[in-house]
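> Following is a predicted model, sequence given first.
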Amino acid sequence: QVQLVESGGGLVEPGGSLRLSCAAPGFTLEYYGVGWFRQAPGKEREGVVCISSGDDGTTDYADSVKGRFTISRDKNTVYLQMRSLTPEDTAVYYCATINLCQIDFSDYVIRWGQGTQVTVSS
């Protein structure tokens, strides 16, 4: 079974940037659609952005991150480049394989990673 491993989280000041990575050791991740999600303290988990499998290139971004976050992928890793971070972006970020990358992609999760903490604070 595909196991997902997130990395790249940490503490960053407001206005800063971080790049998260999502890998699946032993598997070719490009065959899977992948979504990034986040869960802030006391809030429900929300979908941030997804990318479809292979060369399709379809993406779907939550309004709250459009223009600041960019998802990309290579054969084995999916990246989430985050810029202009604010304290409201503080959350545990999860990647997950998904069946479909579309507006309700949270409904199509196959398998979750364990998450990586992102804290935006001065």
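Perfect, thanks for sending it.
> Can you tell me how far the spatially most central residue of the chain is from residue 54?
Geometric centre of the chain, nearest residue: residue 36, 2.4 Å, by C-alpha atoms, centre = their mean. Counting by C-beta to C-beta, to the nearest Å, the gap from residue 36 to residue 54 is 18 Å. (Glycine included, C-beta is placed from N, CA and C.)
> One more: residue 87?
36 Å.
> Residue 109 too?
Distance from residue 109 to residue 54, by C-beta to C-beta: 19 Å.
> can you pull out the helices in the protein?
Assigned by DSSP state H, the chain shows no helices.
> Which residue, other than its chain neighbours, is closest to residue 58?
Nearest residue to residue 58, sequence neighbours excluded (C-beta to C-beta, 6 or more residues apart in numbering): residue 52, at 4.0 Å.
> residue contacts, that neighbour?
33, 58-59, 100-101 (C-beta atoms under 8 Å, 6 or more residues apart in numbering).
> before we move on, back to that, more crowded one of residue 109 and residue 54?
Each of residue 109 and residue 54 has its neighbours counted (other C-beta atoms under 10 Å); residue 109 has more, 18 against 10.
> What pLDDT does the model give the closest residue to that one other than its chain neighbours?
Distance criterion C-beta to C-beta, 6+ apart; nearest residue to residue 109, sequence neighbours excluded, is residue 96 at 4.6 Å. pLDDT, residue 96: 97.
> What about residue 96, how many residues nearby?
Residues near residue 96, counting by other C-beta under 10 Å: 24.
> so where do the strands sit in the chain?
With DSSP state E, the ranges of strands along the chain come out as 5-7, 10-12, 18-23, 33-39, 46-51, 59-61, 69-73, 77-82, 91-98, 109-112, 116-120.
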